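J.: how does the following fold in three dimensions:
(one chain, ligands or ions: 1)
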Amino acid sequence: MSMEDYDYLFKIVLIGNAGVGKTCLVRRFTQGLFPPGQGATIGVDFMIKTVEIKGEKVKLQIWDTAGQERFRSITQSYYRSANALILTYDITCEDSFRCLPEWLREIEQYANNQVVTILVGNKIDLAEKREVLRQRAEDFAEAQSMLYLETSAKESDNVEKLFLDLACELIREAKQNKLDNNDTAPMPGEGKTISYLSCCSLN
Ligand SMILES: Nc1nc2c(ncn2[C@@H]2O[C@H](COP(=O)(O)OP(=O)(O)OP(=O)(O)O)[C@@H](O)[C@H]2O)c(=O)[nH]1
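T.: Predicted coordinates:
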């Protein structure tokens, strides 16, 4: 019998400006809590959570990177081995949205070209402070062939959905790759689009 206690292992890396809520999203998902007075991440942090999807055990290795510019050279080295990237911004902070093209350049430069990327607008509990309209973010995500989801780490809105839908998509891709026997591996530089995930609707 195998010593491994899971069917799949995926690496998910969170990136985005400082203060958008990456650490809170990870803590909410892995520990079910919203940490009071969450300090800035130094370098990179990581957590593990194993979930069961349709009878298969999926181990998620979740890497939480520091948004601050001065850690960029450390965090870049985590992109390459990522199966999925969660590009996060704060819906109450126009600046964090305006920086997205910069993050996309980082992804293009450092991530592998099969990486699955999802754009997340966090802090939807602060609706009255919203600076980035949902439609604008959806249009941006669509133009970049990314999925889009809005979350609240504080209120636990869409946080489970974010990670579980990603896990479903990664399983689907892993199965597809096995079937294709790598015949249809994307050409270098070719982006990866994913269709929206209804396979694991959990609500
Ligand atoms: N209202 C609200 N506040 C949030 C939410 N998520 C995070 N915050 C707050 O936003 C601040 C930054 O959260 P972090 O999770 O540390 O942000 P980060 O993106 O990990 O920041 P860096 O580690 O510096 O890159 C904290 O004060 C959190 O309490 C949310 O969903 N709603």
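J.: when you work out contacts or count neighbours from here on, use the C-alpha atoms and nothing else.
T.: OK.
J.: residues from the protein in reach of the ligand?
T.: 17-24, 37-41, 66-68, 122-123, 125-126, 152-154 (CA under 6 Å from any ligand atom).
J.: so which bits of stretch 164-184 are buried?
T.: Within stretch 164-184, the residues that count as buried by 16 or more other CA atoms under 10 Å are 164-171.
J.: ok so, going back, can you tell me which of the residues of the chain next to the ligand end up in strands?
T.: N122 (DSSP state E).
J.: just the buried subset of the residues of the chain next to the ligand, written out for PyMOL, thanks.
T.: Buried residues within the residues of the chain next to the ligand, by 16+ other CA under 10 Å, are selected in PyMOL with:
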select buried, resi 17+18+19+20+21+22+23+24+41+66+67+68+122+123+125+152+153+154
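J.: now the helices for this structure?
T.: Secondary structure of the chain, counting by DSSP state H: helices at 22-31, 72-76, 94-98, 100-110, 134-143, 159-180.
J.: could I get the ones you listed as CSV with mean pLDDT and distance to E52?
T.: Shown next, in CSV, are the helices of the chain (pLDDT from 0 to 100; distance: least, CA to CA, whole Å):
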stretch, mean pLDDT, distance to E52
helix 22-31, 97, 14
helix 72-76, 88, 29
helix 94-98, 98, 33
helix 100-110, 96, 29
helix 134-143, 98, 29
helix 159-180, 91, 9
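J.: can I get those helices in a markdown table including distance to D45?
T.: Shown next, in a markdown table, are those (distance: least, CA to CA, whole Å):
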| stretch | distance to D45 |
| --- | --- |
| helix 22-31 | 9 |
| helix 72-76 | 10 |
| helix 94-98 | 21 |
| helix 100-110 | 19 |
| helix 134-143 | 26 |
| helix 159-180 | 17 |
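J.: nearest to V58, of these?
T.: With CA to CA as the criterion, V58 lies closest to helix 159-180 of these, at 7.5 Å.
J.: other SSEs contacting the closest one?
T.: Applying 3 or more CA pairs under 8 Å, 6 or more residues apart in numbering; DSSP states H and E, one finds that helix 159-180 contacts strand 8-15, helix 22-31.
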